[in-house]
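A.B. asks: Got a predicted model here, sequence first, then my questions.
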Number of protein chains: 2
Amino acid sequence: MSRIYINEVAPRDGLQIEAAFVPTPDKIALIDKLSATGLARIEATSFTSPKAIPNLRDAAEVMQGIRRQPGVIYTALVPNLKGCQRALECGVEEINLVMSASESHSLANLRMTPEQSLAQFAEIVAHARGSGVFNNASLSTTFGCPFEGHVDEGRVMTLIERLLETGVQGITLCDTTGVANPAQVKRLCQGVVARWPDVPFTLHFHDTRGMGLANALAAWEAGIVHFDASLGGLGGCPYAPGATGNVCSEDLVHMFEQMGVHTGVDLDALMAVSATLPDLVGHDTPGHVVKAGKADRRYAMPERG
Amino acid sequence: MSRIYINEVAPRDGLQIEAAFVPTPDKIALIDKLSATGLARIEATSFTSPKAIPNLRDAAEVMQGIRRQPGVIYTALVPNLKGCQRALECGVEEINLVMSASESHSLANLRMTPEQSLAQFAEIVAHARGSGVFNNASLSTTFGCPFEGHVDEGRVMTLIERLLETGVQGITLCDTTGVANPAQVKRLCQGVVARWPDVPFTLHFHDTRGMGLANALAAWEAGIVHFDASLGGLGGCPYAPGATGNVCSEDLVHMFEQMGVHTGVDLDALMAVSATLPDLVGHDTPGHVVKAGKADRRYAMPERG
């Protein structure tokens, strides 16, 4: 039986764009509940400037407040050297650096060019060396850019090569605005798995156009076993109002478990945590399985009229 | 470039469960607009008893009122011999018979056993012989039953064989309550394509658990080229309140076109028709692409703060 590994990103990628700040104790309680479900990895917060992402201004308190579950990797987004220092002080096990594959998204989102990101990553990785922390990098707009459109696959391959040269150990390929399609995903994933068989690649999908699980399936068929996902499908795309966000963790776990692919996750426990989200964030969430129940749900026969 | 064929089921499968009756002229206008989008097939209505499905009590008026577009196949659901006679009087080009793979769903939904359905189909097909109408049969609960759970694949294969013996020419395999997973879909589709290479199989999915497009992808990878889909994702599952319904036509077309698989459908035209649905049915629809725009949508770079 094959196995996949889920990186739960709701505490960071989900909560960062919510309209309201989620109180620190609630964040800690959420992460502690997630830690008990068998998830492989949890992106707990982001050590960004509080001005840039006010919702995650409590990064250090969160990292210090959570109960670390043995076997779960706690990772945090790190935008720069200062963020890396703060993250290391809190004892994160993994840092996640972020750059964009496309020039215009890089400028709009990070206010620097991809070249500048790569130079900064080298500096951060050098700083982190010796700390024992795992260095992951997320490559935004891998499958397309909301400003430029098409992103060349050759360019993506070159950026992966450059990222690995900086000392980054794992790479997340992100479909930031939900534009990837399964044929494109399969082709790129086959390419990276063939070229860098020892690098752990994580795939990050959005369900913006309904293709989230289809893309995850295509990536898995190409040999990918690490996936980002967000509880309840929290998170979203600032460019597509009303559209759904990150691929939903419990929907992803449900699909793969139904297929006989082991996720390590207790789906009932995960669904129970997801069911608490509407109270936490003040709105309905886009996930399917929490509303419909698992595929093995049975119903009573209707009474004859 | 490979090609798939879409059977648009919103006018029948979608409108039949709406809370409100859609006026006959609006139904006709909807079908006429759909006819102009390049869809291969449209399930226009159901010749069921007006008491059973009041929303489709205007089946004959609808069939007689629409403008038939050359190249589009107009099909209608037919529950019994009387329905078949009414459908043939209206000059439908295809009739769609419905039975359930599982005993309990058959009893709950059709008030007869699968054996009784098969006997009735033989009678209907014999009656329709010589009319030139194409006989399709839909097999509900192919991938699982809301009452019994698991449906044996061997049983499905036997029922397909029995259906073909009645003279049915095409078969639709239906995931009635959205329980199928891509591994199961791929296995069954590979099985039926290998055993009956000349029979046109259509796959009918629901997005109840977010797997609609992933299942369509799996079926296509197994050689299936005919798909049911519903504009806006109309339709639904009476057992899962709040859950999304049929796989959404424009989302399905969008995914396959993005993959380079030709659908024959003008996606912009289809999305324009879908955008009229909320006014027609009085509520939002679950489709993604109408809200988010197509994957090639571009955005202006944000102004620097």
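C.D. replies: Received the coordinates, thanks.
A.B. asks: tally of neighbours for residue A:258?
C.D. replies: Using other C-beta atoms under 10 Å in any protein chain shown, residue A:258 has 21 other residues around it. Yep, even glycine has a C-beta here, placed from its N, CA and C like the rest.
A.B. asks: residues touching it, list them.
C.D. replies: By C-beta atoms under 8 Å, 6 or more residues apart in numbering or on different chains, the contact set of residue A:258 is A:295, B:181, B:183, B:184.
A.B. asks: do that again at 6 Å, thanks
C.D. replies: For residue A:258, the contact set (C-beta atoms under 6 Å, 6 or more residues apart in numbering or on different chains) comprises A:295, B:181.
A.B. asks: Going along the chain, name the strands of the stretch 51-200 of chain A.
C.D. replies: Here the stretch 51-200 of chain A has its strands, by DSSP state E, counting those that start in this stretch, at A:73-77, A:94-100, A:134-140, A:170-174.
A.B. asks: which residues are contacting the third one?
C.D. replies: So the one you mean is strand A:134-140. Around strand A:134-140, the neighbours that count as contacts under C-beta under 6 Å, 6+ apart are A:94, A:96-98, A:100-101, A:125, A:163, A:168-174, A:176.
A.B. asks: which of the residues in stretch A:198-211 are buried?
C.D. replies: Under the neighbour-count criterion of 16 or more other C-beta atoms under 10 Å in any protein chain shown, stretch A:198-211 has A:201, A:202, A:203, A:204, A:205, A:206, A:207, A:208, A:209, A:210, A:211 buried.
A.B. asks: give me the number of residues near the closest residue to residue A:180 other than its chain neighbours?
C.D. replies: Using C-beta to C-beta, 6 or more residues apart in numbering or on different chains and skipping the chain neighbours, the partner closest in space to residue A:180 is residue A:143 (3.6 Å). By other C-beta under 10 Å, 29 other residues sit near residue A:143.
A.B. asks: now residue A:51
C.D. replies: Close neighbours of residue A:51, defined as other C-beta under 10 Å, add up to 7.
A.B. asks: ok, which of the buried residues of stretch A:198-211 also contact chain B?
C.D. replies: A:208, A:209, A:210, A:211 (C-beta under 6 Å from any C-beta of the partner chain).
A.B. asks: if you look at the residues you listed, which of them are in strands?
C.D. replies: Among these, DSSP state E puts none in strands.
A.B. asks: Output these as TSV; include the columns pLDDT.
C.D. replies: Shown next, in TSV, are these (pLDDT from 0 to 100):
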residue	pLDDT
A:208	95
A:209	96
A:210	96
A:211	98
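A.B. asks: Let me have the strands of the stretch 51-200 of chain A in CSV, adding distance to residue A:260 as columns.
C.D. replies: Below are these laid out as CSV (distance: least, C-beta to C-beta, whole Å):
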stretch, distance to residue A:260
strand A:73-77, 25
strand A:94-100, 29
strand A:134-140, 28
strand A:170-174, 25
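A.B. asks: Would you convert the ones you listed into CSV that also reports mean neighbour count and mean pLDDT?
C.D. replies: Putting the strands of the stretch 51-200 of chain A into CSV (neighbours: other C-beta atoms under 10 Å in any protein chain shown; pLDDT from 0 to 100) gives the following:
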stretch, mean neighbour count, mean pLDDT
strand A:73-77, 24, 98
strand A:94-100, 24, 98
strand A:134-140, 24, 98
strand A:170-174, 23, 98
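A.B. asks: Which secondary structure state does the most centrally placed residue in chain A sit in?
C.D. replies: Central residue of chain A (C-alpha atoms, centre = their mean): residue A:228, 3.6 Å from the mean position. Per DSSP: H, G, I helix; E, B strand; the rest coil, the secondary structure class of residue A:228 is strand.
A.B. asks: For the closest residue to it other than its chain neighbours, give me the backbone phi and psi.
C.D. replies: Of all residues not flanking residue A:228 in the chain, residue A:204 sits nearest, at 3.9 Å (C-beta to C-beta, 6+ apart). When read as degrees, to the nearest 10, the backbone of residue A:204 gives phi -120, psi 110.
A.B. asks: ok, now which ones touch residue A:204?
C.D. replies: For residue A:204, the contacting residues are A:172, A:174, A:228, by C-beta under 6 Å, 6+ apart.
A.B. asks: out of the residues you listed, who's nearest chain B?
C.D. replies: For chain B, the nearest member of those is residue A:174. The distance, counting by C-beta to the nearest C-beta, is 14.8 Å.
A.B. asks: For that closest one, which non-adjacent residue is closest in space?
C.D. replies: Nearest residue to residue A:174 in three dimensions, chain neighbours excluded: residue A:204, at 4.1 Å (C-beta to C-beta, 6+ apart).
A.B. asks: Roughly how far does residue A:174 sit from residue A:161?
C.D. replies: For residue A:174, the distance to residue A:161 equals 17 Å [C-beta to C-beta, to the nearest Å].
A.B. asks: from the middle of its chain, how far away would stretch A:97-106 be?
C.D. replies: Put simply, stretch A:97-106 sits 16 Å off its chain's centre (C-alpha atoms, centre = their mean, to the nearest Å).
A.B. asks: tell me which element residue A:290 falls in.
C.D. replies: Taking DSSP states H and E as the criterion, residue A:290 maps to helix A:289-292.
A.B. asks: can that helix be found next to chain B?
C.D. replies: Yes: applying C-beta under 6 Å from any C-beta, one finds helix A:289-292 in contact with chain B at A:289, A:291, A:292.
A.B. asks: Would you mind checking those residues for buried ones?
C.D. replies: The buried subset of the residues of helix A:289-292 next to chain B (16+ other C-beta under 10 Å) comprises A:289, A:291, A:292.
A.B. asks: any chance of the residues you listed in JSON lines, plus pLDDT?
C.D. replies: JSON lines is the format used below for these (pLDDT from 0 to 100):
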{"residue": "A:289", "pLDDT": "97"}
{"residue": "A:291", "pLDDT": "94"}
{"residue": "A:292", "pLDDT": "93"}
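A.B. asks: Residue B:281: which of those is nearest?
C.D. replies: residue A:291 (19.7 Å; C-beta to C-beta).
A.B. asks: pLDDT on stretch A:17-29, on average?
C.D. replies: Stretch A:17-29 comes out with an average pLDDT of 96.
A.B. asks: Give me the distance between the two termini of it.
C.D. replies: End-to-end span of stretch A:17-29 (C-alpha to C-alpha, to the nearest Å): 19 Å.
A.B. asks: now stretch A:53-69
C.D. replies: Using C-alpha to C-alpha, the end-to-end distance of stretch A:53-69 comes to 27 Å.
A.B. asks: Give me the helices and strands touching the helix or strand harbouring residue A:216, please.
C.D. replies: Residue A:216 belongs to helix A:212-221 when assigned by DSSP H and E. Counting contacts by 3 or more C-beta pairs under 6 Å, 6 or more residues apart in numbering or on different chains; DSSP states H and E, helix A:212-221 packs against helix A:182-195, helix B:212-221.
A.B. asks: Please work out which residues outside that helix touch it.
C.D. replies: A:180, A:182, A:185-186, A:189, A:203, A:205, A:227, A:247, A:252, A:255, B:182, B:210-211, B:213-214, B:217.
A.B. asks: repeat for stretch A:104-117
C.D. replies: Contacts to stretch A:104-117, defined as C-beta under 6 Å, 6+ apart, come from residues A:99, A:100, A:141, A:145, A:147, A:148, B:301, B:302.
A.B. asks: 10 Å instead, please
C.D. replies: Contacts with stretch A:104-117, where a contact means C-beta atoms under 10 Å, 6 or more residues apart in numbering or on different chains, come from A:79-80, A:97-103, A:118-120, A:137, A:139-141, A:144-149, A:151, A:155, A:159, A:162-163, A:166, A:176-177, A:238, B:299-305.
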